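Peer 1: okay, sequence plus prediction incoming.
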Amino acid sequence: MSVKRKSAFSIYSENPEKSLIKESKKSEANDHSKAKLEGILKRTNQKKDIKTMKKKLSNISMSKLSESIGLFSNGKESGSKEFKTLGNDFEKKKKNKEKKKDKTEKKKNKKDKLECEKPAKKIKKIKNQPDKIYEIVDFEDDQIEYEPVMFDSRQEATSLFKRIIAPVKIKDFFGNYWEKKPMLIKRNKQSYYKSWFSCEEFDWILRNHSLEFTTNIDIVTYINDEKKKHNPEGRAYAPLVWDFFQQGCSIRLLNPATYSRNVWKYLSVLQELFGCCVGSNVYLTPAGTQGFAPHYDDIEAFVLQLEGKKRWRVYKPLNGNEVLPRHSSHNYSQSDLSEPIIDVVLEAGDLLYFPRGYIHQANACDDIHSLHITVSTYQKNTWGDFLSKLLPGAIEIAMQENLEFRKGLPIDYLINNGVAFEDNETENQKKFRNKTSMLVKELVQYLPIDAAVDQMAKEFIHQSLPPCFTEDEKSRSIHNHGEKWNSKKNRVENISEIEPDTSIKLIRRNCIRLVVEENSCFVYHNLDNTKIWCEKEAQYLEVDSEVAPAIEHLIIFYPKYVTVEELPLDSIEEKISVVQCLYDKGLIVTGEPLQCDHEETSENESEEENEISFSKNYFQDEETINEEEESEVNENGFNSEEYDQDAENEDQTNNESYQDSEDSQDSQ
């Protein structure tokens, strides 16, 4: 096996020669993982024994129980670990009950004795979260019942897209406009899209990231039917870029998701809906100028006007071959064009959609600059692209299973067929064509449709953005939970383990794909992708075929949680091993934060931010911004302090754009 196809999964396998997830590792790692699994199983059995003892001891008075525990602790009898644990639990619960009781008496009036005997429950609303998210604290047994939101990434994507195209309904859009004709939405609400991007954020990016001309920034003009690029070499320093702008040059920022958290968040959500790569470019145009020549693109384009105004003219495809084209066009001159079907001035908050193949051009109005973002999708995501992956597989299967496909060609086929013979209809030529047609029809029964779909999904995952996680997701996954260093005590704390009853699910619906290639199973994922288009090779894990049913189980049951012990594998050791591996790769999230050893928390410690529904507050309106948001975020929806903090963690030079501007010229 090649080094490239090795994974980190095998350290949890008991047998180095037969790993659940294949990878060669040192025997020490296997011994460690075996001990780790044995420890988990031992603790699980201890918990079951403790529960059984609690039932048996439920009728024993506390005084007798304390006396028995005292005997064991004084060494008069050889006490078991179960009794010691039970004793500690009762002592802790007793202290906690006394503390809670004192607080309750101070805050509330005395209630009737009958009411006091009932288990007291307090429902505490988590700060700044939707109404349906609560934490239930049971004072009777002093345990927290965590109830996570049932988060479905595709539903969240649908909610976001619904807001983008409102008031048009999603069904109406895909039925009447998608790939058919342009759609214009005028809103008269300038703040509708302001959370996406702004000139202020663009300036911050230029000053805090190392952007390169041509790679990340294009400086262009379009004067007298001639488009010119004015890109110097080297870094795009902010004063230099703004000087070009002052001289009347348009600025194109390629792949803003690399630098803007909001753009990254929105695009990573939308790709869950479209099932293919979703990209974007930002265009800043000085007042009274035009940056790009008329052209059409090979993508479905959504133009979101962010600032200022811009006049757009859209034209029908010139002929049938340019309807839904596979590649972008060359630049047209004004004489090539007829009358536009749309001639409109977009203002901040407006939306213009047009399918690939529709020619368009745009210029900023004389009185103000223009800033817009073009969201693009469905590049090379057609039936033809699917068939190009499907048919080679069908031919391979047919040649293995059908003798007719393995028979040799006629000896005289070269002297009867070809361009030179196409006008001569001989009997041998007819036989050759009929035989070809017959074999093509027989291919239908050998079509590996599922395998071809998996190949399309594999390509999508390779091109897609990594997920943008909420704080709650981080707290329930390896992304911000588990072991950490305590510098005061000089030790590792928050040691957490996967248990058989741990509830889990995939962190996103489309974050992984199970693919069978050359009799091996691979799990392709986008967790390790960068925010630069295809900067890395496709990321995957090679898994044993025995593990595949567990992966399928998680995929099929998404967005529901399943417990580790519910996975369709033979032993609990295998189940825990596979889940631990997926957890360590960041591919799954637990229903509640894993219990940690040596974890110190304060009673007044603020709650972690829970999962935020994208269906609410995705777009900021002036009348809906509360006082707290106004103090932290300026009127453009941009928080420079947040981005300053991100810059310290992401100070790197980016060498590629999200989409190659030369191969696919995005909308102006």
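Peer 2: Here it is on my side, so go on. Numbering: from 1, shown residues only.

Peer 1: which neighbouring elements make contact with the helix or strand residue 374 falls within?
Peer 2: Residue 374 belongs to strand 370-377 when assigned by DSSP states H and E. For strand 370-377, the packing partners by 3 or more Cβ pairs under 8 Å, 6 or more residues apart in numbering; DSSP states H and E come out as helix 261-274, strand 278-285, strand 300-315. To be clear about C-beta, it is placed using only N, CA and C from the backbone, and glycine gets the same treatment.

Peer 1: for it, buried residues please.
Peer 2: The neighbour-count check on strand 370-377 (16 or more other Cβ atoms under 10 Å) flags 370-377 as buried.

Peer 1: okay, buried residues for the helix or strand following that strand please.
Peer 2: Sequence order places helix 383-401 as the next helix or strand after strand 370-377, per DSSP H and E. Buried residues in helix 383-401, counted by 16+ other Cβ under 10 Å: 389-391, 393-394, 397-398.

Peer 1: what segments of the stretch 451-600 of the chain are helices?
Peer 2: 471-475, 548-557, 572-584 (DSSP state H, counting those that start in this stretch).

Peer 1: could you give the mean pLDDT of the second one?
Peer 2: Right, helix 548-557. With pLDDT averaged residue by residue, helix 548-557 scores 96.

Peer 1: now do the last one
Peer 2: What helix 572-584 shows for mean pLDDT is 95.

Peer 1: for this structure, what helix or strand is lowest in average pLDDT?
Peer 2: One helix or strand of the chain scores below all others by mean pLDDT, DSSP states H and E: strand 134-138, with a mean of 28.

Peer 1: related to what we said a few turns ago, make CSV out of the buried residues of strand 370-377 and add distance to residue 434.
Peer 2: Formatted as CSV, these follow (distance: Cβ to Cβ, whole Å):
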residue, distance to residue 434
370, 60
371, 61
372, 56
373, 54
374, 49
375, 49
376, 45
377, 42
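
Peer 1: and these as a markdown table, adding distance to residue 363 and pLDDT?
Peer 2: Shown next, in a markdown table, are these (distance: Cβ to Cβ, whole Å; pLDDT from 0 to 100):
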| residue | distance to residue 363 | pLDDT |
| --- | --- | --- |
| 370 | 8 | 98 |
| 371 | 14 | 98 |
| 372 | 12 | 98 |
| 373 | 17 | 98 |
| 374 | 15 | 98 |
| 375 | 21 | 98 |
| 376 | 21 | 98 |
| 377 | 25 | 98 |
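
Peer 1: quick check: the farthest pair among those?
Peer 2: The most widely separated members of those are 370 and 377, with 22.5 Å between them, by Cβ to Cβ.

Peer 1: parallel or antiparallel, list what pairs with the strand holding residue 374.
Peer 2: Strand 370-377 pairs in its sheet with strand 278-285 (antiparallel), strand 300-315 (antiparallel), by DSSP bridges.

Peer 1: quick one: which of the helices of the stretch 451-600 of the chain is nearest residue 161?
Peer 2: helix 471-475 (20.8 Å).

Peer 1: elements contacting the closest one?
Peer 2: The contact analysis (3+ Cβ pairs under 8 Å, 6+ apart) places helix 471-475 against no helix or strand.

Peer 1: before we move on, the earlier item: just the buried residues of helix 383-401 now: which is nearest residue 224?
Peer 2: Distance to residue 224 across the buried residues of helix 383-401 (Cβ to Cβ) is lowest for residue 389, with 45.0 Å.

Peer 1: do I have it right that the closest one meets residue 454?
Peer 2: No - the criterion here is Cβ atoms under 8 Å, and residue 389 misses it with residue 454 at 9.3 Å.

Peer 1: overlap of the contact sets of the two?
Peer 2: By Cβ atoms under 8 Å, 6 or more residues apart in numbering, residue 389 and residue 454 have no common neighbours.

Peer 1: could you list the low-pLDDT ranges of the stretch 551-668 of the chain?
Peer 2: Across the stretch 551-668 of the chain, the ranges flagged by pLDDT under 70 are 597-668.

Peer 1: before we move on, what about the chain?
Peer 2: Where the chain drops to pLDDT under 70, the residues are 1-150, 597-668.

Peer 1: one more time with 50, if that's ok
Peer 2: Scanning the chain for pLDDT under 50 picks out 1-19, 23-29, 63-87, 90, 110-149, 599-633, 635-636, 651-665.

Peer 1: which strands or helices does the helix or strand hosting residue 352 pack on?
Peer 2: Element membership for residue 352 (DSSP H and E) is strand 351-354. Using 3+ Cβ pairs under 8 Å, 6+ apart as the contact test, the elements touching strand 351-354 are helix 153-165, strand 183-185, strand 300-315, strand 342-347.

Peer 1: 7 Å instead, please
Peer 2: Judged by 3 or more Cβ pairs under 7 Å, 6 or more residues apart in numbering; DSSP states H and E, strand 351-354 is in contact with strand 183-185, strand 300-315.

Peer 1: next structured bit after it?
Peer 2: Counting by DSSP H and E, what follows strand 351-354 is strand 359-364.

Peer 1: tell me which other helices or strands that following strand touches.
Peer 2: Short answer (3+ Cβ pairs under 7 Å, 6+ apart): strand 359-364 packs on strand 300-315.

Peer 1: could you check the angle helix 261-274 makes with the strand it packs on?
Peer 2: Put simply, strand 300-315 runs at 90 degrees to helix 261-274, going by axes from the mean of the first three to the mean of the last three Cα atoms, to 10 degrees.
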